[in-house]
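S.K.: I'd like to go over a predicted model; first the sequence, then the structure.
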Amino acid sequence: MDDHDYQVSFPARGSVLGAAELAALTEVVGSGQALSAGGWRTAFERRFAKYVGTRHALSVTSGTVALELAIHLADLRPGAEVIATPQTFSATIHPLVDYDVQVRFCDIDPVSLNIDPATVEAAVNERTAAVVLVHYGGYPADMDRIVAAAHRHGAVVIEDCAHALGAAWHGRRPGALGDIGCFSFHNSKNITTLGEGGMLTFDRDEWSVRLDRIRSNQPDVEYGPPRFPGPPPTALLPWMRFAEEIYACDYARVRRPGTNATMSEAAAAVGIVQLDRLAEVTARRRHVAARLDQCIGRYAQVRLHHPPPDVDHAYHLYTFFVEAGRAVREGLVRELDRRGVEVQLRYFPLHLTPEWRARGHQPGECPVAEQLWFDQQINLPCHPGMTDAQLDYLIEAVTAALDRTLPPADPPPPADPPPPARSQPPADSVPLTDHTATPA
Ligand SMILES: *Cc1c(COP(=O)(O)O)cnc(C)c1O
């Protein structure tokens, strides 16, 4: 089915924009102010830091750039180990391909799809330099145990919060739970800064200084005493003092050249308005999710992606699990598609993608992540722009598809005594060997 044929699709946009965003743009354009690195950016960052609960929030041009720079700030030495979740978008760990480090994929928790604290506790050791995780779909990871295990060994915890804006974990916000939070304001995300944008959140003042340099085209350096003291240049005008400053210091080590990752003023102005609307758009996502949970939760062979009390899901993705085997899951996906509901499966386990297989990773490394993705998981449309009529249609279509595809929940008891227990496991639990499917 073509995109435009879906009655309920994964939307063209993940957020809603309207008159307030247009008014902000009118103000920026009409202001005569600089369009880069000005007051709107500063205001957006202050408000974002306050919302998340960190000392610093620094905006950049995308979530991917935020992750790249967070991984840079972790100062990974050659030979170090990095613990990573296999169940996330490729950008979470993509920058690690460039480093001489050993990535250890730790399996996920089948309820949350987040990295399992027990697997992290088992894998962490004195070589571990960082733990990189995602709050899958907006369901916050179980952070206390993960952070405690990482910090026992001096490892930095990087949170990919691309899905988690609006979520909460025991009253605290993702992005303030580990050491560095990375947010995305991409078009598909819960709020957007005109299609692209990102933010890093953290408490360390030193990181703020380094990051502010990198994102504005200055190298990230360690300073040393001047090695070639020469005659100080003449400062013709006061602002030319910078020439004297350049002469007065030397770089002991350049950690990384700078880049330009400046969020534009127009994007930041829209970000401020979007952040004000976050509660409203998150409430709408939760409403859609609650209707779906209520409908799907009535069936015996499915499982919901439902957090415990005191964990607030932001529902960037709506997820549920079919526990009746791969064939039933596939039949259900096809039936939903036939009824005009666009289904997505997010995400193909990263350790099985070509770039990580090329680095020695293989099937069987994360059996829970593999089984859930290949046999159970389904993501349904869930976004704040969904109309009531679309939501009613979605509920009807999901109900009809489940009624039609799921086998009867309670088969009548057999007339004869049950056969002796089989030594063979049922077909559905046989470990997967064919992982040749290409990523979705
Ligand atoms: C969207 C996303 C990113 C990348 O963000 P961009 O702003 O698109 O670069 C990273 N991680 C996850 C989990 C995402 O969903």
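M.R.: Nice, thanks for sending it over.
S.K.: next, the buried residues of the helix or strand residue 25 falls within.
M.R.: Here residue 25 is covered by helix 19-31, with elements defined by DSSP states H and E. For helix 19-31, the neighbour count (16 or more other C-beta atoms under 10 Å) marks 21, 24-25, 28 as buried. Glycine gets a C-beta too; all of them are placed from N, C-alpha and C.
S.K.: now, which of the residues you listed sits nearest residue 358?
M.R.: Residue 358 has its nearest neighbour among these in residue 21, at 42.5 Å by C-beta to C-beta.
S.K.: any stretches of the stretch 1-150 of the chain with poor pLDDT?
M.R.: Low-confidence segments of the stretch 1-150 of the chain (pLDDT under 70): 1-4.
S.K.: what does it have sitting close to the ligand?
M.R.: 62-64, 88-89, 91-92, 134 (C-beta under 6 Å from any ligand atom).
S.K.: so which of those residues is the most crowded?
M.R.: Tallying neighbours with other C-beta atoms under 10 Å puts residue 134 at the head of those, with 29 neighbours.
S.K.: which residues does that residue contact?
M.R.: 85, 87-89, 92, 114-115, 141, 159-160, 162-163 (C-beta atoms under 8 Å, 6 or more residues apart in numbering).
S.K.: backbone phi and psi for it, please?
M.R.: Backbone geometry at residue 134, expressed as degrees, to the nearest 10, gives phi -120, psi 150.
S.K.: next secondary structure after the helix holding residue 25?
M.R.: Heading C-terminal from helix 19-31, the first helix or strand you meet, by DSSP H and E, is helix 39-52.
S.K.: elements contacting that next one?
M.R.: Helices and strands touching helix 39-52, as assessed by 3 or more C-beta pairs under 8 Å, 6 or more residues apart in numbering; DSSP states H and E, comprise strand 56-60, strand 198-202, helix 265-276.
S.K.: and the angle from it to helix 19-31?
M.R.: On the basis of axes from the mean of the first three to the mean of the last three C-alpha atoms, to 10 degrees, helix 39-52 is oriented at 140 degrees to helix 19-31.
S.K.: about what we covered before: send the alpha carbons of the helix holding residue 25 over as CSV?
M.R.: The C-alpha trace of helix 19-31 is given here as CSV (Å, rounded to 0.1, in the frame of the first residue of the first chain):
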residue,chain,number,x,y,z
ALA,A,19,-0.1,30.2,14.8
ALA,A,20,2.1,30.5,17.8
GLU,A,21,5.1,29.2,15.9
LEU,A,22,4.3,31.5,13.0
ALA,A,23,4.1,34.5,15.3
ALA,A,24,7.6,33.6,16.8
LEU,A,25,9.0,33.4,13.2
THR,A,26,7.5,36.8,12.3
GLU,A,27,9.1,38.3,15.4
VAL,A,28,12.5,36.9,14.6
VAL,A,29,12.4,38.0,10.9
GLY,A,30,11.1,41.4,11.8
SER,A,31,13.4,42.1,14.7
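S.K.: and it, how far out from the chain's middle?
M.R.: Taking C-alpha atoms, centre = their mean, to the nearest Å, one finds the center of helix 19-31 at 29 Å from the center of the full chain.
S.K.: what do you get for stretch 257-277?
M.R.: The answer for stretch 257-277 is 18 Å, by C-alpha atoms, centre = their mean.
S.K.: re earlier: quick one: residues in contact with the helix holding residue 25.
M.R.: Contacts for helix 19-31 (C-beta under 8 Å, 6+ apart): 35, 40, 265-266, 269-270, 272-274, 276-277.
S.K.: what angle sits between that helix and helix 265-276?
M.R.: Relative orientation of helix 19-31 versus helix 265-276 (the same axes, to 10 degrees): 150 degrees.
S.K.: going forward can the numbers begin at 25, since that is how I track them
M.R.: Let's use 25 as the start, then, which means that last one is helix 43-55.
S.K.: does the most centrally placed residue in the chain count as helix, strand or coil?
M.R.: Nearest residue to the geometric centre of the chain (C-alpha atoms, centre = their mean): residue 186, 3.6 Å. Look at residue 186: counting by DSSP: H, G, I helix; E, B strand; the rest coil, its state is coil.
S.K.: quick check: phi and psi on it?
M.R.: Main-chain dihedrals, residue 186, degrees, to the nearest 10: phi -60, psi -30.
S.K.: would you agree residue 136 falls within a helix?
M.R.: No - Residue 136: not assigned to a helix; according to three-state DSSP it is coil.
S.K.: check the stretch 25-174 of the chain for the residue nearest the ligand and tell me.
M.R.: Across the stretch 25-174 of the chain, no residue is closer to the ligand than residue 87, which sits at 2.5 Å (C-beta to the nearest ligand atom).
S.K.: pLDDT at the closest residue to that residue other than its chain neighbours, what is it?
M.R.: Nearest non-adjacent residue to residue 87, counting by C-beta to C-beta, 6 or more residues apart in numbering: residue 208, 2.6 Å away. pLDDT, residue 208: 98.
S.K.: how much space between residue 176 and residue 407?
M.R.: Counting by C-beta to C-beta, to the nearest Å, the gap between residue 176 and residue 407 amounts to 40 Å.
S.K.: report how many residues lie close to the residue of the stretch 325-464 of the chain found nearest the ligand.
M.R.: Nearest residue of the stretch 325-464 of the chain to the ligand: residue 340, at 7.3 Å (C-beta to the nearest ligand atom). Using other C-beta under 10 Å, residue 340 has 27 neighbouring residues.
S.K.: same question, residue 184
M.R.: Around residue 184 there are 30 other residues, counting by other C-beta under 10 Å.
S.K.: same check, this time on residue 431
M.R.: As a burial measure, residue 431 scores 10 neighbours (other C-beta under 10 Å).
S.K.: helix, strand, or coil at it?
M.R.: With three-state DSSP as the basis, residue 431 sits in coil.
S.K.: skip the chain neighbours and tell me the closest residue to it.
M.R.: Excluding its sequence neighbours, the residue lying closest to residue 431 (C-beta to C-beta, 6+ apart) is residue 348, at 6.0 Å.
S.K.: and residue 356, by the same measure?
M.R.: Distance criterion C-beta to C-beta, 6+ apart; nearest residue to residue 356, sequence neighbours excluded, is residue 429 at 4.5 Å.
S.K.: likewise for residue 368?
M.R.: residue 403 (4.7 Å).
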